[in-house]
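Novice: Give the three-dimensional model of this entry:
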Amino acid sequence: MKPIEQKAITNIRFLAAESVQKANSGHPGLPIGSAPMAFTLWKQMKHDPKDATWTGRDRFVLSAGHASMLEYSLLHLFGYGLSIEELKNFRQWGSKTPGHPEFGHTIGVETTTGPLGQGIATAVGMAMAETRLAAEFNREGYPIVDNYTYALSGDGCLMEGVASEAASLAGHLGLGKLILLYDRNEITIEGSTNLAFTEDVGKRFEAYGWTVQHVDNGEDIELIGKAIENAKADTKHPSLIIVKTEIAHGTPKANSASAHGEPLGDDAIKAMREYYGWSEEPFSVPADVKEYFAELQKGYSKQHADYDAMLAGYQKAYPELYQKWVAWHEKKLPEALKQDARLWSATGSKATRAVSGEVLNIFAEYLPNLFGGSADLAPSNKTELKGKGFFDAANRAGANIHFGIREFAMAAICNGIQLYGGFHAFCATFLVFTDYLKPALRLSAIMHQPVVYVMTHDSIGVGEDGPTHQPIEHLAALRATPDVLVFRPADAKETAASYIMAFEANKPSVLALTRQNLPQYEETGAGAYQGGYILKDAKNGKPDVILMASGSEVELLYKAADLLEADGISSRIVSMPCLDLFDEQDAAYKESVLPRNVRARVAVEAASAYSWDRYVGLDGETVCLDHFGASAPATILFKEFGFTAQNVVKAAKASIAKAK
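Specialist: Model prediction:
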C-alpha cells in the first residue's frame, strides 16, 4: 500500500468518526473498519464524481445504510460536491447528510438504504436492469450499457430474509456483473454475531450459485483489489467477497458492540489519533490527499469522455436504435397510448384483474421497456406480457420476470430496476400479500419511484380461499402510507385511467383489482383522473344523501339509489377510485362532489372503514368490514357480511335521520 493511499483511508476514518462525534449520534464502527475496502472499490470503480448521473457509471449501494458516514466521507473526498460543512452537519436539520443514505437528497447516493437487506435486493434489480438494457442496445464495438453493480453489506443485511430471497434469484439468473462485498466484523448492537448468526454464509451463497471469495485481512487493499478483479472476471455468476474486518479498527472500542451505534467519545478519538499518527485538525483534508483525489479524477473524466465519444459513434452508426434508447429513458406516456380506443371500449361483465391484463398488454405495445412480473401468480394476476419472453440466464431480452414466491425481494428488485433507469417497472401478487412487500413499497414511496404494484384479489371476493387470503385492513394501511397512490377501479375505463395515472406518476401506485366480474358503466371515464367524481346525480342536483364507494361496491350504489328513489329519497352516486388523488384536488372541486351542506353520507367498501372517516363526517354511515372474512363463495360472503343494496339503503336512511 502506498503511503498516500494509507493516508486517504485514514482520512475517511476520521471524517466518519468526527462527524458522528459532533452529531452525538450515528454508527462509527463499520465506516472505520470497512474504509480500506470501500476506498479500494471506489478507486477502481467506473464513475465520474463531476457527473453523478452519468449513464455509464458503475452502481454502488451501501446496503449497510447505518454506515452512512462511510459513503458521505467517500463522496466528499472523491469530489462529488458534498461539502465539509455538510459532514459537520451530519444528522442535523436540513443537511445533505441524513442518518441513512437517501436517494434524491444527497448527490451520488444511488438508493435509499437503512432497512437492512433491502440494499442487496435493490442491487439485484440494478444488475438485472443493466443486463436487459445491454441485451437490447449493445452492438459490436458499442457496449453503451456495460457497468457493474456493487453492494456493501454487513452481518445484519445477511441475516434479513429479503437478502436471501434476492440472492437466491440472482444466482439462478447468473447475474455475473453483480458483486457483493461483505464487511464481516461479527458485531451487531447486542454483541457478537455468535449470539444468533453462526452459519457459513459463504457456503450458503455457493448453494445459491454465487462465486465466493474470502479476504482474511480487511486492511490489505491489494488482496481486496485482486478479489474485486477476480469477481469482475467471472461473468457467469454473481460474486460475494467476504472481507474479515474489525469494527472500529485502531480505537479502544475495536471489536466491541459499543462501537456499532454510538459515538466513540472524545477519549477514544484521542487514542485513535495516536494509533494512526493523525495530527490534522478535525474535519480537515490534507493538501496531499486533496491532490491525490484530484489526480484520480483525471482518470474518471477520461472514462466519461471515452464513453461519450463511443455513444456519439453509436448514434451515427445506429440512428434508429439511438432514438429508441432516448425513448426508453422518456417518462411521459405517448399520447397515442392514452387515446387508444381499446382502453375505453370494454363491454360485458369483467373482473378488473382481467381488464388489467388486457390494459397492460396494450401498454406493452407502446412501451417496450415495461419490465416486471409476478410472485408466481401471473396466471391469476394476468400480468404476463404476451410474446415478450421471460428474462432468464438464457434470454436477457425478456420483458417478463419469474420472481418466484419472493414478494419482498420482488418489490425491492423493482426499486432497483426503476432506479437504474430506462424502464417502467411493475410487480404483482395478491393484495393481502402487500404485508410481505410493504417495506420495499415504503422505500418506493420515500424515493418517489413510480413502481406499479398490481395487486389482485382485492376483497372477500376472493371467496373460498378464506380469511388468510381476504384483505381487510390492507387498503387502509396502504392509503395511510405517504406518497403512494392506491387505485381501486370500478370497471374497465377506471382501470385504464388508473394505469395511465400510475405510469405517469412520480410515486408508486397500487392497483387493487377484483377476482370477481364487474359490470361496465357508461358514466365512468375521465372523472377518474380526479380520484373521485359524480357518476349519477339527483335529478335536481340536490341529493338527500351521498353514496360513495370504490371498486366492486360501486355496483351496490346503483341498486341502492333505485330503492331510495322509490322511497322518495334522492341520492348522488360518487365513485372514489383513488382517495389519494381526490384529496389532492382543490377545495372547489371537492366541494362540488361532496358539498358540506349534504351531511347525510354513506361510504361502502368491502374492507376496513378507516379510510373513509374524513368523508362521511359525524352524521355519515359506513358499510364496510371491520373483521376478518370467511371461507365460502364470494356471493355468499357479500350477502352474509351485509354488502347488499338493502343494507346500503338502511345506512342511508340512518344517516339522513342523524343529519336532521
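
Novice: how many other residues sit next to the closest residue to residue 10 other than its chain neighbours?
Specialist: Spatial nearest neighbour of residue 10, excluding adjacent residues (C-beta to C-beta, 6 or more residues apart in numbering): residue 276 at 5.0 Å. All C-beta atoms are positioned from the backbone trio N, CA, C, and that covers glycine. Neighbourhood size, residue 276 [other C-beta atoms under 10 Å]: 18.

Novice: Please identify the helix or strand for the spatially most central residue of the chain.
Specialist: For the chain, residue 444 is the residue whose C-alpha lies nearest the centre (C-alpha atoms, centre = their mean; 3.0 Å). Secondary structure from DSSP states H and E places residue 444 in helix 434-446.

Novice: what pLDDT, on average, does that helix get?
Specialist: Averaging pLDDT along helix 434-446 yields 98.

Novice: and it, what other elements does it pack with?
Specialist: helix 118-137, helix 407-420, strand 424-430, strand 452-456, helix 474-479 (3 or more C-beta pairs under 8 Å, 6 or more residues apart in numbering; DSSP states H and E).

Novice: still on that earlier bit, isn't the residue nearest to the centre of the chain right up against residue 451?
Specialist: Yes - applying C-beta atoms under 8 Å as the test, residue 444 and residue 451 come out as touching, 4.8 Å apart.

Novice: anything in contact with each of those two?
Specialist: Common neighbours of residue 444 and residue 451, counting by C-beta atoms under 8 Å, 6 or more residues apart in numbering, are 411, 414-415, 418, 508.

Novice: Walk me through the domains of this protein.
Specialist: 3-300, 335-518, 528-659 (automatic domain parsing).

Novice: hang on, the earlier thing: quick one, what contacts the residue nearest to the centre of the chain?
Specialist: Here residue 444 is in contact with 411, 414-415, 418, 451, 484, 507-508 (C-beta under 8 Å, 6+ apart).

Novice: Would you agree residue 151 falls within a strand?
Specialist: Yes - checked against DSSP: H, G, I helix; E, B strand; the rest coil, residue 151 lies within a strand.

Novice: who touches it in this structure?
Specialist: By C-beta under 8 Å, 6+ apart, the neighbours of residue 151 are 60-63, 119-120, 123, 178-181.

Novice: From those residues, pick the one nearest residue 79.
Specialist: Set against residue 79, the nearest of the contacts of residue 151 by C-beta to C-beta is residue 60 (15.0 Å).

Novice: Remind me which helix or strand that closest one belongs to.
Specialist: strand 59-62.

Novice: re earlier: check the shared contacts of residue 444 and residue 451 and tell me the two furthest apart.
Specialist: Top of the distance list for the shared contacts of residue 444 and residue 451 (C-beta to C-beta): 411 and 418, 10.7 Å.

Novice: Pick out whichever of those two has more residues nearby.
Specialist: Neighbour tally, residue 411 and residue 418, criterion other C-beta under 10 Å: the higher count belongs to residue 411, 32 against 27.

Novice: Relative to residue 439, how far out is that one?
Specialist: 8 Å (C-beta to C-beta, to the nearest Å).

Novice: ditto for residue 85
Specialist: If you go by C-beta to C-beta, the gap between residue 85 and residue 439 works out to 33 Å.

Novice: between the two, who's got more neighbours?
Specialist: Higher neighbour count among residue 85 and residue 439: residue 439, with 15 against 11, using other C-beta under 10 Å.

Novice: May I have the residues that are in contact with that one?
Specialist: 115, 118, 162, 408.

Novice: is it true that the third one touches residue 118?
Specialist: Yes - between residue 162 and residue 118 a contact is recorded at 5.9 Å, counting by C-beta under 8 Å.

Novice: From residue 287, how far out is residue 13?
Specialist: Taking C-beta to C-beta, one finds residue 13 at 19 Å from residue 287.

Novice: Look at the two and report which has more neighbours.
Specialist: residue 13 (28 against 8).

Novice: tell me which element the more buried one is part of?
Specialist: helix 3-23.

Novice: What residues of that helix count as buried?
Specialist: For helix 3-23, a neighbour-count test (16 or more other C-beta atoms under 10 Å) marks 7-23 as buried.

Novice: so what secondary structure elements neighbour it?
Specialist: By 3+ C-beta pairs under 8 Å, 6+ apart, helix 3-23 packs against helix 29-44, helix 68-78, helix 84-88, helix 266-276, helix 287-317.

Novice: any idea how far that helix is from the chain center?
Specialist: 32 Å (C-alpha atoms, centre = their mean, to the nearest Å).

Novice: Over to stretch 233-245?
Specialist: 25 Å.

Novice: Make residue 1 into 897 and carry on from there
Specialist: Got it, the first residue is 897 from now on, which makes the last one we talked about stretch 1129-1141.

Novice: Which residue, neighbours along the chain excluded, lies closest to residue 1200?
Specialist: Nearest one to residue 1200, counting by C-beta to C-beta, 6+ apart, is residue 944 at 4.3 Å.

Novice: Tell me who's in contact with that neighbour.
Specialist: With C-beta under 8 Å, 6+ apart, residue 944 has these contacts: 950, 953, 1196-1197, 1199-1200.

Novice: which of those residues count as buried?
Specialist: In the contacts of residue 944, the ones that pass as buried (16+ other C-beta under 10 Å) are 950, 953, 1196, 1199-1200.

Novice: out of the residues you listed, who's nearest residue 1230?
Specialist: residue 950 (27.3 Å).

Novice: what sits against the spatially closest residue to residue 1248 that is not a sequence neighbour?
Specialist: Excluding the flanking residues, the one nearest residue 1248 by C-beta to C-beta, 6+ apart is residue 1409, at 4.2 Å. Taking C-beta under 8 Å, 6+ apart as the criterion, residue 1409 is in contact with 1247-1249, 1251-1252, 1350-1354, 1385, 1391.

Novice: Let's have those in TSV, adding neighbour count, pLDDT and distance to residue 1454.
Specialist: Putting those into TSV (neighbours: other C-beta atoms under 10 Å; pLDDT from 0 to 100; distance: C-beta to C-beta, whole Å) gives the following:
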residue	neighbour count	pLDDT	distance to residue 1454
1247	21	98	18
1248	30	98	17
1249	25	98	22
1251	25	98	19
1252	27	98	22
1350	27	98	27
1351	29	98	25
1352	26	98	24
1353	27	98	24
1354	31	98	19
1385	30	98	16
1391	33	98	18
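
Novice: With distance to residue 1445 as extra columns, can I get these in CSV?
Specialist: Output for the contacts of residue 1409, formatted as CSV (distance: C-beta to C-beta, whole Å):
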residue, distance to residue 1445
1247, 17
1248, 14
1249, 18
1251, 18
1252, 19
1350, 21
1351, 18
1352, 19
1353, 18
1354, 13
1385, 12
1391, 16
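
Novice: Identify, from these, the entry nearest to residue 1095.
Specialist: Once C-beta to C-beta is applied, the member of these that ends up nearest residue 1095 is residue 1351, at 33.8 Å.

Novice: so the closest one touches residue 1323, yeah?
Specialist: No - using C-beta under 8 Å, residue 1351 is not in contact with residue 1323; the gap is 9.4 Å.

Novice: Would you mind finding the most buried of the helices and strands packed on helix 1330-1342?
Specialist: Ranked by mean neighbour count under mean count of other C-beta atoms under 10 Å, the helices and strands packed on helix 1330-1342 are led by helix 1303-1316, which reaches a mean of 29.

Novice: confidence score at the closest residue to residue 1446 other than its chain neighbours?
Specialist: Excluding the flanking residues, the one nearest residue 1446 by C-beta to C-beta, 6+ apart is residue 1384, at 4.1 Å. For residue 1384, the pLDDT comes out at 98.

Novice: Got phi/psi on residue 1384?
Specialist: Main-chain torsions, residue 1384, degrees, to the nearest 10: phi -130, psi 90.

Novice: go on, residue 1428?
Specialist: For residue 1428, the backbone dihedrals (degrees, to the nearest 10) come out as phi -150, psi 140.

Novice: on that earlier part again, what do residue 1307 and residue 1314 both touch?
Specialist: With C-beta under 8 Å, 6+ apart, residue 1307 and residue 1314 have common neighbours 1340, 1347.
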